[in-house]
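**Q** quick one, structure for this:
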Amino acid sequence: MSGGNGFKVLDRRTFVTDEQGQQVPATEGVEESDVSSDMPSFVQLLQERTLRAEEQLQRYGQEFNEELEKQLVQTRERLSREAERELARMRGDLVAELLEVLDNFDRSLSALPTGANDGVRQGLTLVREQFWTTLERQGLCEVEALGALFDPTVHEAAGVTPVSNPAQDRHVTAVIKPGYRLASILVRPALVQVGRLS
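**A** Model prediction:
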C-alpha cells in the first residue's frame with residue numbers, strides 16, 4: 001500500500017482462517033502471554049517506559065511524603081518553642097508587676113519607726129518572706145549587685161559615687177532598687193550607684 005506522500009505502509013499482521021473460513025488476525029482468541037513475545041519492539045519500549053515512569057512517580061510520591069512529614073515535625077517543634085518563649089515572657093510580665101508589691105513591703109518595713117509595734121514589724125516581715133518564697137519557687141532570683149563589677153546588661157546606673165579605693169572603681173557601691181531574673185530572663189535590672197575613682 002502506498003500513499004500520495006511517498007510513504008509505503010506495510011501490514012505486518014498475520015491472519016489465520018477461523019472455523020467459518022474467514023480471515024482474522026492471528027492474535028484474536030490468543031492469550032496475552034502468548035502474544036507478548038510477538039509484540040513489536042516499540043510497544044515493549046513503551047511498556048518499559050511506562051513502568052519506569054510509574055516507579056519514578058511512586059518514588060517522587062514517597063519522597064514528597066517524607067519531606068512533608070519532616071516539615072510537619074519541624075513546624076511542631078518551632079511552634080512549641082515559640083509557645084514556650086511566649087509563656088516565659090508572660091510569666092516575666094506577671095512577676096514584674098508582683099515585684100512592685102515586694103518593693104512596697106520593703107518600703108513599709110524601712111518606713112516603720114524604730115519604736116513601732118514589734119508585732120506589726122514581725123507581721124509585715126513574715127508576709128514579705130512568704131511572698132518572696134512564692135516568687136522564688138517560680139524561679140525568681142535577685143541579680144547580684146552590691147560590690148559587683150558594673151554590668152550594663154543587668155545593672156542600671158542611677159548615678160556615680162566618687163571612690164578613693166581602686167578596687168571599687170566601676171563597681172556597684174549602693175543598690176537603690178534590686179534587680180531580678182526569672183530563670184534566664186532579666187525581669188528588672190538593678191538600679192545602682194557606681195563607683196568612680198577620683
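**Q** which helices and strands sit right next to the lengthiest helix in the chain?
**A** Using DSSP state H to define each element, the chain has its longest helix at helix 41-111. Contacts defined by 3 or more Cβ pairs under 8 Å, 6 or more residues apart in numbering; DSSP states H and E place helix 41-111 against helix 118-137, strand 180-182, strand 185-188. Where C-beta positions appear, they are placed from N, C-alpha and C, glycine not excepted.
**Q** again, 10 Å this time
**A** Using 3 or more Cβ pairs under 10 Å, 6 or more residues apart in numbering; DSSP states H and E, the elements in contact with helix 41-111 are helix 32-36, helix 118-137, strand 140-142, strand 172-177, strand 180-182, strand 185-188.
**Q** of the ones you listed, which shows the lowest average pLDDT?
**A** For those, mean pLDDT drops lowest on helix 32-36, to a mean of 49.
**Q** list the contacts for the residue nearest the centre of the chain?
**A** Centrality entry for the chain: nearest residue to the mean C-alpha point is Arg78, 2.2 Å, by Cα atoms, centre = their mean. By Cβ atoms under 10 Å, 6 or more residues apart in numbering, Arg78 lies in contact with nothing.
**Q** helices or strands up against the helix or strand where Val194 lies?
**A** Secondary structure from DSSP states H and E places Val194 in strand 190-197. Helices and strands touching strand 190-197, by 3+ Cβ pairs under 10 Å, 6+ apart, are strand 155-163, strand 172-177.
**Q** give me the residues contacting the shortest one.
**A** What that stands for is strand 172-177. Contacts for strand 172-177 (Cβ under 10 Å, 6+ apart): 99, 103, 106, 142-151, 155-163, 165, 188-196.
**Q** and Gly195, how many neighbours?
**A** Neighbours of Gly195 under the rule other Cβ atoms under 10 Å: 23.
**Q** my guess is it contacts Asn165, does it?
**A** Yes. Using Cβ atoms under 10 Å, Gly195 is in contact with Asn165, at 8.0 Å.
**Q** picking that back up, tell me which of the helices and strands packed on helix 41-111 is the most buried.
**A** strand 180-182 (a mean of 21; mean count of other Cβ atoms under 10 Å).
**Q** quick one: strands adjacent to that strand?
**A** strand 140-142 (antiparallel), strand 185-188 (antiparallel) (DSSP bridges).
**Q** got the domain ranges for the protein?
**A** 15-67, 140-198 (automatic domain parsing).
**Q** including distance to Arg121, could those domains go into a markdown table?
**A** Shown next, in a markdown table, are the domains of the chain (distance: least, Cβ to Cβ, whole Å):
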| stretch | distance to Arg121 |
| --- | --- |
| domain 15-67 | 68 |
| domain 140-198 | 20 |
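**Q** comparing those, which comes out most buried?
**A** Between the domains of the chain, domain 140-198 has the highest mean count of neighbours, a mean of 16, where neighbours are mean count of other Cβ under 10 Å.
**Q** now do the same contact list for the residue of the chain most remote from its centre.
**A** Centroid-distance maximum for the chain: Gly21 at 79.8 Å, with Cα atoms, centre = their mean. For Gly21, the contact set (Cβ under 10 Å, 6+ apart) is empty.
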